[in-house]
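J.: let me see the structure of the following:
(chains A, B, C and D)
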Number of protein chains: 2
Amino acid sequence: MTGAETGTQAAPRADPAAHDGAPSGHEVLAVVFQIRCDRLSVLLWRRARPPYEGRWVLPGGRLGRAEGLDSSIRRQLAQKVDVRDLAHLEQLETRGDPGRHPQGRILATAYLGLVPADIDPVVPEDTSWHPAGELPEMGFDHAAIVHSGRRRLRAKLSYTNVGFALAPPEFTVSQLSRYYRAALGHDVAATNLRRVLLRRGQIEETGGFVPSGRSGGRPAALFRFRTRRLEITDAFAVLRPPAGG
Amino acid sequence: MTGAETGTQAAPRADPAAHDGAPSGHEVLAVVFQIRCDRLSVLLWRRARPPYEGRWVLPGGRLGRAEGLDSSIRRQLAQKVDVRDLAHLEQLETRGDPGRHPQGRILATAYLGLVPADIDPVVPEDTSWHPAGELPEMGFDHAAIVHSGRRRLRAKLSYTNVGFALAPPEFTVSQLSRYYRAALGHDVAATNLRRVLLRRGQIEETGGFVPSGRSGGRPAALFRFRTRRLEITDAFAVLRPPAGG
DNA sequence: ATCAGTTTTTGCCTGTAAGACAAAAACCGG
DNA sequence: CCGGTTTTTGTCTTACAGGCAAAAACTGAT
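T.: Alright, predicted model coming up:
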């Protein structure tokens, strides 16, 4: 539903609307993840000016005077990627330690964004993807924020259907298991993943098949996520209400 | 460890330190829960001035110019309750819709705080506890924030040991099941709760017993939480790493 | 002292879910 | 048709949650 179906091009362009008047003492940032070449990668941006000139930082920027947080992060991200590529976006945390920013106490509200693996968004010159496992030297407290994002993503893969935001619209089980492996950081048996997600009703067969790869093998069935909006697995409400009520 | 052992007195007093200069356009709020008379209750405060004069609102206030978020919410709460009574405090969410505040776009970072059931903090005149099930008419978007807090608490009771922050240092299983019932909103069988929390290693017997109540009955064993810091139940990392590694 | 009532504790049973493993199915190229 | 490869299905084990009933341990009254 979030427009993740087709490869994209749009991208670098300053948004004229929104963002009125002088900036406030608040910024919004986004940890945007995508699985690229079987590795969890995060979108970073190279600062051209001090402080932290030349360091890599998270996309984002100052919040406009009369801007909402959600609209602001969408506006800021639009300067880096096509926002329609974001299959999921949720608030992560807000940091406000004095000292996190050299120019004084500037609060930052961080978001977690996910881009499906089949998309290759065009990004500006100063922007590129970095494996979350080998982050470059980053400015401010942004490396810590990336780690928060990873933890959140890992947790939610366990008890929600966020997978939909990492996977393309259609996929085979073994492809999906590779996405999960990249995001979770450990092997995920395809045969188990299939049953877990099927039983939870998260995925379903599309009916299509994919001819087996170069070296033969049984053709793989195609699956899709039943919904592309976040749902939590109710089996995870332990201490749940008693049977009769 | 958070000083939850004894009934408390300290409370209303403006904190002279901290909070320098003019307030920023950011406020911190706290949803402080406590189980009182077997009901989940939230600490509210009656506004004496417009906007929303006379309405109930969450404790908190403007963030000082050079103040960190955590220190600010602690400072603000100190004006309502003894902060040492808080057995747990975590960031909840940040809201920034323009329109959430009549005086312009003012961001609010909300926290979730928990006070053990055995404590009866002295609170100022304008402050009191309200059952979370029957909230009074509240100002701003604070009612929505209370609901966020309830959802967060409910979820964390399932997959963490936050119970320690609701229960007194020692308790019987049936007492604990009443706390869980109040917080979760549905019955919790004591016999189940016992086994679940014991197997998870969250609680342990102290060795003490409580003489049965007025009408007889077998004396109940006393339990305590093994740790009073937040820990997530690892059994809840589904899609976990394979056995051999 | 014994008995009825009450509450806690223990034990047993069931259902569900996850994970490991092996066998079967379906395709490729030669 | 055969070996190699990948996916799919099926079986088994383990772990945990939850329901239920019996046993244990106490109180107060007869």
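
J.: quick one: strands adjacent to the host helix or strand of A:E205?
T.: Taking DSSP states H and E as the definition, A:E205 sits inside strand A:203-210. Strands adjacent to strand A:203-210 in the sheet, as given by DSSP bridges, are strand A:220-225 (antiparallel).

J.: count the neighbours of the closest residue to DNA strand D within chain A for me.
T.: Closest to DNA strand D within chain A is A:G217: 2.3 Å, counting by CB to the nearest atom of the strand. Any C-beta I mention is one placed from the backbone N, CA and C, and that applies to glycine too. A total of 10 residues lie near A:G217 under the criterion other CB atoms under 10 Å in any protein chain shown.

J.: can I see the domain layout of chain A?
T.: Dividing chain A into domains by automatic domain parsing, as the record does, gives the ranges A:26-156, A:161-236.

J.: that's a strand at the residue of chain A closest to DNA strand D, yeah?
T.: No - following the definition DSSP: H, G, I helix; E, B strand; the rest coil, A:G217 is coil and is not counted among the residues of a strand.

J.: ok, and does the longest helix seen in chain A reach over to chain B?
T.: Among all segments of chain A classified by DSSP state H, the helix with the greatest residue count is helix A:142-159. Yes - Helix A:142-159 comes into contact with chain B when judged by CB under 8 Å from any CB of the partner chain, the residues involved being A:A155, A:L157, A:S158, A:Y159.

J.: same question for stretch A:85-104.
T.: Yes - part of stretch A:85-104 sits near chain B under the criterion CB under 8 Å from any CB, namely A:Q91, A:E93, A:T94, A:R95, A:G96, A:D97, A:P98, A:G104.

J.: drop anything exposed from the residues you listed.
T.: With neighbours counted using 16 or more other CB atoms under 10 Å in any protein chain shown, the residues of stretch A:85-104 next to chain B contain these buried positions: A:Q91, A:E93, A:T94, A:R95, A:G96.

J.: quick check: residues of chain A near DNA strand C?
T.: By CB under 7 Å from any atom of the strand, the part of chain A that sits against DNA strand C consists of A:189, A:191-192, A:195-196, A:199-200, A:211-212, A:216-219, A:235.

J.: can you tell me which of the residues you listed are classed as buried?
T.: Among the residues of chain A next to DNA strand C, those buried by neighbour count (16+ other CB under 10 Å) are A:V196, A:R200.

J.: need the residues of chain A next to DNA strand C in a markdown table (columns: pLDDT).
T.: Shown next, in a markdown table, are the residues of chain A next to DNA strand C (pLDDT from 0 to 100):
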| residue | pLDDT |
| --- | --- |
| A:A189 | 95 |
| A:T191 | 95 |
| A:N192 | 94 |
| A:R195 | 95 |
| A:V196 | 95 |
| A:R199 | 94 |
| A:R200 | 94 |
| A:P211 | 82 |
| A:S212 | 74 |
| A:G216 | 84 |
| A:G217 | 89 |
| A:R218 | 93 |
| A:P219 | 94 |
| A:A235 | 69 |
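
J.: farthest pair in the residues of chain A next to DNA strand C?
T.: With CB to CB as the measure, no two of the residues of chain A next to DNA strand C lie farther apart than A:G216 and A:A235, at 37.5 Å.

J.: quick one: pLDDT of the residue nearest the centre of chain A?
T.: Within chain A, one residue has its C-alpha closest to the average C-alpha position: by CA atoms, centre = their mean, that is A:L114, at 2.0 Å. Taken from the predicted model, the pLDDT recorded for A:L114 is 98.

J.: quick check: longest strand of chain A.
T.: Ranked by residue count and defined by DSSP state E, the top strand of chain A is strand A:26-36.

J.: buried stuff in that strand?
T.: Of all the residues in strand A:26-36, those buried under the rule 16+ other CB under 10 Å are A:H26, A:E27, A:V28, A:L29, A:A30, A:V31, A:V32, A:F33, A:Q34, A:I35.

J.: just curious, which of these is nearest to chain B?
T.: Closest approach between the buried residues of strand A:26-36 and chain B, by CB to the nearest CB: A:H26, at 6.1 Å.

J.: any idea what the closest one is bridged to?
T.: A:H26 forms beta bridges with A:L107, as assigned by DSSP bridges.

J.: could you do the one 10 residues further on as well?
T.: For A:R36, the beta-bridge partners are A:R39 (DSSP bridges).

J.: residue numbers of chain A in contact with DNA strand D?
T.: Within chain A, the residues that sit near DNA strand D (CB under 7 Å from any atom of the strand) are A:172-174, A:190-191, A:194, A:212-213, A:215-221, A:238-240, A:242-243.

J.: switch to 10 Å and redo it
T.: Chain A comes close to DNA strand D at residues A:172-178, A:189-192, A:194-195, A:198, A:205, A:209-210, A:212-223, A:235-245, as judged by CB under 10 Å from any atom of the strand.

J.: could you report the pLDDT at the nearest residue to A:G139 once chain neighbours are set aside?
T.: Distance criterion CB to CB, 6 or more residues apart in numbering or on different chains; nearest residue to A:G139, sequence neighbours excluded, is A:Y52 at 3.1 Å. At A:Y52, the model reports a pLDDT of 94.
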